[in-house]
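> Predicted model and sequence below, questions to follow.
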Amino acid sequence: MLSYPARFTVDREAGGYVISFPDVPEAVTQAEGVEEGLDMAADCLQMVLAEYIRLGHPIPAPSALRRGQRGIRLPFFVALKVELYNAWLQSGARKAEIARRLRIPRANVDRLFDLKHVSRPEQIEEAFAALGKRVDVQVRDVA
């Protein structure tokens, strides 16, 4: 799954933390404590990635986690949609072409990229297939 590195910088003036993402510079938030910061960071990251999609910008891949950073993991279906969106951008196909391949209305293609819309797993899998991609799920032990 996609996990983006986040920097938690102590805010000496206001207290708490300023949280930023090296890979997504527009994503910046602040929080009183680390636990709240983790939640705020996840919300902020998803909101900015949704804006990238709205604007038609590619979503950057997360870089490796460095010392002092915390990984902010995208929820499973959000990560799938991010990967689907980037695969679509890289394909160069128009949304109308994807809709035709999937035999769905064009508006439904937009929903496949909407991070807040709950898409059926088989729809996402079919959309990847329409782009010449396959979804593989890997389960690993927690550290």
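Received it, and whenever you're ready, just let me know what you need. The structure presented is a predicted model; accordingly, all values stated were derived computationally and were not measured.
> Pop the domain breakdown of this structure in here.
Using automatic domain parsing, the domain parsing of the chain gives 3-73, 76-130.
> okay, those domains in CSV with mean neighbour count and mean pLDDT next?
Glycine gets a C-beta too; all of them are placed from N, C-alpha and C. Shown next, in CSV, are the domains of the chain (neighbours: other CB atoms under 10 Å; pLDDT from 0 to 100):
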stretch, mean neighbour count, mean pLDDT
domain 3-73, 16, 96
domain 76-130, 16, 95
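> So for Asp141, which of those domains sits nearest?
Closest to Asp141 of these, according to CB to CB: domain 3-73, at 15.6 Å.
> tell me how far the ends of the closest one are from each other?
4 Å (CA to CA, to the nearest Å).
> Then stretch 109-124?
In stretch 109-124, first residue to last residue: 10 Å (CA to CA).
> Which of the three states applies to Pro60?
The three-state label given to Pro60 by DSSP: H, G, I helix; E, B strand; the rest coil is coil.
> Isn't it up against Glu26?
No. The criterion here is CB atoms under 8 Å, and Pro60 misses it with Glu26 at 10.8 Å.
> quick one: secondary structure of Gln30?
From three-state DSSP, the assignment for Gln30 is strand.
> Run through the bridge partners of the residue lying closest to it once chain neighbours are set aside.
Using CB to CB, 6 or more residues apart in numbering and skipping residues adjacent in sequence, the residue nearest Gln30 is Val18, 5.0 Å away. For Val18, the residues forming beta bridges with it (DSSP bridges) are Thr9, Gln30.
> Now do Val18 against Ala64, distance only.
Using CB to CB, to the nearest Å, Val18 is found at 22 Å from Ala64.
> and if you look at Val137?
Here the criterion is CB to CB. By it, Val137 lies 22 Å from Ala64.
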